[in-house]
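Novice: task: produce atomic coordinates for the following.
(2 chains)
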Protein chains: 2
Amino acid sequence: MVSVVAVASHAGVSPATVSRVLAGRVPVAAETRQRVLEAIEALGYRPNEVARSLRAGRGRAVALVTGDIEQGINAALAKNVQSELEALGLDLLLFNMGHREDRLHHFLERAPSLGLRGLLLTSPHVLDMGKLMPIVERAAKSGVDIVSVGQDLSSFGISSIVHDNTGGARQAMSHLVARSCTPIAFLGRIETSAIGRARFEGYRSALLGHGHEIDPALVWDIAEGYRADAGYQATSDALAKGVQFRAVLAASDELALGAMAAAADRGLAVPDDVAFVGFGGLSWGTYSRPSMTTVALDADAAARAIGEIFGEIREGGGVPLGRRVIPTKLVLRQSA
Amino acid sequence: MVSVVAVASHAGVSPATVSRVLAGRVPVAAETRQRVLEAIEALGYRPNEVARSLRAGRGRAVALVTGDIEQGINAALAKNVQSELEALGLDLLLFNMGHREDRLHHFLERAPSLGLRGLLLTSPHVLDMGKLMPIVERAAKSGVDIVSVGQDLSSFGISSIVHDNTGGARQAMSHLVARSCTPIAFLGRIETSAIGRARFEGYRSALLGHGHEIDPALVWDIAEGYRADAGYQATSDALAKGVQFRAVLAASDELALGAMAAAADRGLAVPDDVAFVGFGGLSWGTYSRPSMTTVALDADAAARAIGEIFGEIREGGGVPLGRRVIPTKLVLRQSA
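Specialist: Presented below is the predicted three-dimensional model:
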């Protein structure tokens, strides 16, 4: 049987480097990786089984780190990811970081000793990458594969699965403009949310593309959290101040629900007086009255992408670098 | 230092029995347990640290087995339980059993080899206890403490934390009767749901208590799942058939939302034509229009009760037998 040492010698690298390539860990240069793979091919080495045995000593759990599992599609994502991982013989650990980055750091530092195989980071929180990266790199070196879900961290070398937030927002804007529901307000540009920023970027670029300017009075910031009460409050405030708008693009379904309630409580008709578009595609949006037009995210497709990554890792592949974009879909209902 | 052997000799039991008492495992007779505790007291033995070290070899994860984490208060429960367990140095594993009992059996059989410390069973599904109990007992003997959350399994010797479903339903009925919103329909007596049955029992006993009979045309069964679409369908069907009712008590907020949409789509005014009460107290119910009157469950109190149980186990105590009832609260809003 061909050994790792033989492969290493053929490729001109150390056996440890071969192991790293087989284990699919991040810090191997692409060119070195290629040389190792060629040596494996040339010698007829059977990497999959070895990779499996190398990995057998590692944990069988993948942690899902969420900002808030009660919000948005997080619960659906957890459910679907659990099912994907189960098919691979892996368990799902749940960790709630809330909006506290120190909790994420602490958990990442513990990840290797927990024997985690992987970590799915789904928090939308804008992260201090200077602080985070050394911790991520230590975890990756210990064999914990990290995937960002929702937020694009691919420029930092972290494999990312992202919804097309900017494209989805732009599509919603085109719909509202085509229906002459202007001016359009944006509800929920949370400065500390990377996902909120991406959705706002769709709003901004669509308005500029249609030759409009950005009116600061129509951009409603929210301190934290995508909850309905914040949407209600921001919309009530704008209506009380006499701000003029014919539509609201909200950064979440929860915000849109609160905003619609604020409009209803002032006797406004939806969508005739004001139209509303949410973001998320949560199941109850079909049954609010009026029902909610929304930019639907695809939790199932995101979970499948995660399953594919861990399936490839099991076969001896590495975490794919770069990002994978999951399309969003504008679901038209009564509210816009 | 006083040894386990000395305690065993003083109590007239085997050292294994002392270990079982310290580890808090189920199969120790109350009288034996008492004798061991007295010997510990008499000899000045320090059980807590030993109990901790005995447990150190066990896993540090507790699994939450849900029917569907997207429904009802399950996501809130998962979040709050994770926070309670984290304070005890424990991790939360998530497992979705769906409506398939064989998946629960399989997972329970794996529990000891997963090194689980505990398992929280939150499925509302009516279980085949004849099949389940031998598996539960094997898991308990291997040191996996099992707690039922939501469904009362205390008569089978499984520690249970239950919401006051029957009392909550009865309170909602009293409110509807006091407002003369009769006749009242019950939406969502899922025959396979123990929790659905408990809520229906509140409806049934309240009606009988007020001198009314149960009209089968006003009890709307649902095949499976507490989702809004099922509530919409059942209510639409009843309205199409001309069934007369002035109120609907729904077994979940999701069902009530669907039911309210069905009423709105037929031009009925809520609550003047038909009043609706949900079950759950989910956050969006505040912002539906009309907002939803609901029997609120207390996910936070349930999570605290779970934290207390695992805190006691850590201190060397056993899983408390019997059940603990978490009160529900009728939250009055616009829909009833």
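Novice: C-alpha only now, for contacts and for neighbours.
Specialist: Fine.
Novice: which other helices and strands contact the helix or strand containing residue A:172?
Specialist: Assigned by DSSP states H and E, residue A:172 belongs to helix A:165-178. For helix A:165-178, the elements it packs on are helix A:194-209, strand A:247-250, strand A:293-296, strand A:329-331, judged by 3 or more CA pairs under 8 Å, 6 or more residues apart in numbering or on different chains; DSSP states H and E.
Novice: among these, show me which one is buried the most.
Specialist: Among those, strand A:247-250 has the highest mean neighbour count (mean count of other CA atoms under 10 Å in any protein chain shown), at a mean of 29.
Novice: show me the contact partners of that strand.
Specialist: A:169, A:172-173, A:176, A:181-188, A:256, A:274-279 (CA atoms under 8 Å, 6 or more residues apart in numbering or on different chains).
Novice: which phi and psi does the closest residue to residue A:254 other than its chain neighbours have?
Specialist: Nearest residue to residue A:254, sequence neighbours excluded (CA to CA, 6 or more residues apart in numbering or on different chains): residue A:228, at 4.6 Å. When quoted as degrees, to the nearest 10, the phi and psi of residue A:228 stand at phi -60, psi -40.
Novice: measure residue A:305 to chain B for me?
Specialist: Going from residue A:305 to chain B by CA to the nearest CA, to the nearest Å gives 19 Å.
Novice: SS state for that residue?
Specialist: Of the three states, residue A:305 takes helix under DSSP: H, G, I helix; E, B strand; the rest coil.
Novice: what bits of the stretch 101-250 of chain A have low per-residue confidence?
Specialist: A:224 (pLDDT under 70).
Novice: so what touches the helix holding residue A:172?
Specialist: Helix A:165-178 is contacted from outside by A:182, A:184, A:195, A:198-203, A:205-207, A:247, A:249, A:277, A:295, A:327-330, A:336, using CA under 8 Å, 6+ apart.
Novice: report the buried residues of it.
Specialist: A:165-177 (16 or more other CA atoms under 10 Å in any protein chain shown).
Novice: for those residues, work out which two are farthest apart.
Specialist: Greatest spacing in the buried residues of helix A:165-178, by CA to CA: A:165 and A:177 (18.4 Å).
Novice: surely the residue nearest to residue A:254 touches residue B:288?
Specialist: No: shown here, residue A:228 and residue B:288 do not form a contact pair, counting by CA atoms under 8 Å, at 9.9 Å.
Novice: quick check: neighbours shared by the two?
Specialist: In contact with both residue A:228 and residue B:288: residue A:257, using CA under 8 Å, 6+ apart.
Novice: where's residue A:42 relative to residue A:10, distance?
Specialist: Separation of residue A:42 from residue A:10 (CA to CA, to the nearest Å): 9 Å.
Novice: actually residue A:184, not the one I wrote
Specialist: With CA to CA as the criterion, residue A:184 and residue A:10 are 63 Å apart.
Novice: higher neighbour count, these two?
Specialist: Taking neighbours as other CA atoms under 10 Å in any protein chain shown, residue A:184 and residue A:10 compare with residue A:184 leading, 25 against 16.
Novice: need the nearest residue in space to the more buried one, chain neighbours excluded.
Specialist: Residue A:184 sits nearest to residue A:247 (CA to CA, 6+ apart), 4.7 Å away.
Novice: who does the one you found form a beta bridge with?
Specialist: Here residue A:247 sits in beta bridges with residue A:184, residue A:275, going by DSSP bridges.
Novice: please tell me how far it sits from chain B.
Specialist: Taken as CA to the nearest CA, the span from residue A:247 to chain B is 19 Å.
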